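Enquirer: Make a model of this:
(2 chains)
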Number of protein chains: 2
Amino acid sequence: MTTMKTELENFQAQQLPQLNHYLESYLANLRGEQTLKDAMSYSVSAGGKRIRPLLILAVCSEAGRDLDEGVYAVASSLELLHTYSLIHDDLPEMDNDDLRRGRLTNHKKFGQAMAVLAGDGLLTTAFECIGKADLNGDTKSKLMTALAVAAGPQGMVSGQVADIEGEKKHLTLRQLQQLHQRKTGALIDYACYAGCVLSGLPADQQEQLHRFAAAFGLAFQIYDDILDVVATKEQLGKAVHKDQSENKNTYPGLVGLEGAYQQLEEAISQAKDSLAAVRELGLKTELLSGFLDYFVRRKNE
Amino acid sequence: MTTMKTELENFQAQQLPQLNHYLESYLANLRGEQTLKDAMSYSVSAGGKRIRPLLILAVCSEAGRDLDEGVYAVASSLELLHTYSLIHDDLPEMDNDDLRRGRLTNHKKFGQAMAVLAGDGLLTTAFECIGKADLNGDTKSKLMTALAVAAGPQGMVSGQVADIEGEKKHLTLRQLQQLHQRKTGALIDYACYAGCVLSGLPADQQEQLHRFAAAFGLAFQIYDDILDVVATKEQLGKAVHKDQSENKNTYPGLVGLEGAYQQLEEAISQAKDSLAAVRELGLKTELLSGFLDYFVRRKNE
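Expert: All right, here's what the predicted structure looks like:
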């Protein structure tokens, strides 16, 4: 029996090879030390779902914007930045992980010094990648600034600090949500924002897409917490049951597994409401709706 | 007997307090985790010579450009980025240093995880700081892109990789110069470039200032190598004689101490020639000349 592919699945099948090609060529063309480039490419080419860049491409596509070099540059830049955060998060002084996306983590493969530098290199290259894109100066400046805010001490880096410090204490559900809003939500929100800026969407549509991003980002993190409990190492390509052993604050830990599923459903429902509002404002949302299938399907696996 | 202050010394006395104030307020106003902000501020406020931001301010001043908020933002951003590189360079997996600018290094004070994150935060904030500046979008995009190129895998990060990998092998003088051109030279070159862009200087002046920056950056690194041999820990505020013990490739190691002084003189002489060319093109150079006194004076201490 064959299953019908959703619009997002078709879109992914079309876009991912091109996105991966863009990423690989961009890194290959950098004039830098080969060992460093190898370490950077190793983690970028390890694959992963590419959800963040796909979100940028999807918003642009819904808005009818040409998926040209400028859009690919911005989408790739976000994946470079996301990959840096994974490399540094996996370091022995952080989460001390040996496996990521089914492969040895960067420091296990290249050593700790090179992993720090590969992360630094990817973070910096993310900005370069936008800067070199075929877009006007105002757009690039706006996107680089928003990326820095989302990824920096007002966003992702503070989320990571809160995560590490949280291991020493018991967080409330509200504090856990704030932590995740920064650690995971900020980049997902940036992805939607970048799509809006690239497509020149009006403020009301931007606002609803921002709400969608917030709910989707939350769902994404709750689901990640759930998977750590219910999935196997083979399914995830990384160690499981780590959260509990490291005393991490998680949704299943705070509200139980059933409670976590319930929170997940609520977040998905909020995301759907925002998409309905986006549709009322005249934008297509088939691709964006597809991102929500991600949770439902895997939950029923 | 009192000594006459040079123009650069007067300029420094005027500008440094304002620059430090800008840096401190910028960091204090970030809405992020307090521990992270403390770790970031700790290393930024440890002082140091602020040579890179001063170079930006000096080029703007020679060009008669108002030293307004935009200029301070760009100058501060470079110091944030430079500080990130020091924090990561000092990590146990890198140079493993305990002292920096006369204080405990960041990881000795805040732990290794926080030091990685404080570095990540400062690097990201450097881009944010330009992005939020009161400058037009084109200028900001140009500067953020140039900063990323100078600091990333095509510049400083590759220099650091070459430095670490160089410990395992004997470099030629040419290879050592290339290493330093990336590790130290790239940011100094960026400082002059940023001053030129902020001041709207014409291409011929930019080209000569670029030559000046290259020679000054080289002199700076040779001098740093020399100091590691001849200075005391108290004078430098960090460990000395480390290069030899770590098998680092240095100018004194490659060409002897006298040979290193000779290379220093040549680099200074090249820098002076470039400044003479800048003057012929109609720009003042008193402040920039002052940067070269830095070597001569301390050499005779």
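Enquirer: now the residue lying closest to A:L173 once chain neighbours are set aside: how far from A:R174?
Expert: Sequence neighbours aside, A:L254 is the residue nearest to A:L173 in space, at 5.7 Å (criterion: Cβ to Cβ, 6 or more residues apart in numbering or on different chains). Heads up, the C-betas are built off the backbone N, CA and C, glycines and all. Look at A:L254 and A:R174: by Cβ to Cβ, to the nearest Å, they are 10 Å apart.
Enquirer: If you count surrounding residues, which of those two has more?
Expert: With neighbours defined as other Cβ atoms under 10 Å in any protein chain shown, A:L254 and A:R174 compare such that A:L254 has more, 17 against 8.
Enquirer: for the more buried one, what are its contacts?
Expert: Counting by Cβ atoms under 8 Å, 6 or more residues apart in numbering or on different chains, A:L254 makes contact with A:L171, A:L173, A:L176.
Enquirer: A:L36 touches A:G121, doesn't it?
Expert: Yes. Using Cβ atoms under 8 Å, A:L36 is in contact with A:G121, at 5.8 Å.
Enquirer: So A:K37: helix, strand or coil?
Expert: helix (DSSP: H, G, I helix; E, B strand; the rest coil).
Enquirer: Same question for A:L201.
Expert: With three-state DSSP as the basis, A:L201 sits in coil.
Enquirer: Run through the residues that contact the nearest residue to it once chain neighbours are set aside.
Expert: Among residues not flanking A:L201 along the chain, A:A63 sits closest, at 5.7 Å (Cβ to Cβ, 6+ apart). If you count contacts by Cβ under 8 Å, 6+ apart, A:A63 has them with A:G195, A:C196, A:S199, A:G200, A:L201, A:L283.
Enquirer: Return the entry from the residues you listed with the maximum number of neighbours.
Expert: Counting neighbours by other Cβ under 10 Å, the top entry in these is A:G195, with 27 neighbours.
Enquirer: Can you get me a residue count around the closest residue to A:G155 other than its chain neighbours?
Expert: Once flanking residues are discounted, A:G155 sits nearest to A:A186: 3.5 Å by Cβ to Cβ, 6+ apart. Neighbourhood size, A:A186 [other Cβ under 10 Å]: 25.
Enquirer: Any idea how far the helix ranked longest in chain A is from the middle of the chain?
Expert: As assigned by DSSP state H, the longest helix anywhere in chain A is helix A:251-280. How far helix A:251-280 lies from its chain's middle: 18 Å, per Cα atoms, centre = their mean, to the nearest Å.
Enquirer: Same question for it: list its buried residues.
Expert: Buried residues in helix A:251-280, defined by neighbour count with 16 or more other Cβ atoms under 10 Å in any protein chain shown: A:251-255, A:260-261, A:263-264, A:267-268, A:270-272, A:274-275, A:277-278.
Enquirer: ok, back up a step: okay, and the common contacts of A:L254 and A:R174?
Expert: Common contact partners of A:L254 and A:R174 (Cβ under 8 Å, 6+ apart): none.
Enquirer: Surely A:E286 and A:E7 touch.
Expert: Yes. When contacts are counted by Cβ under 8 Å, A:E286 is listed as touching A:E7 (4.7 Å).
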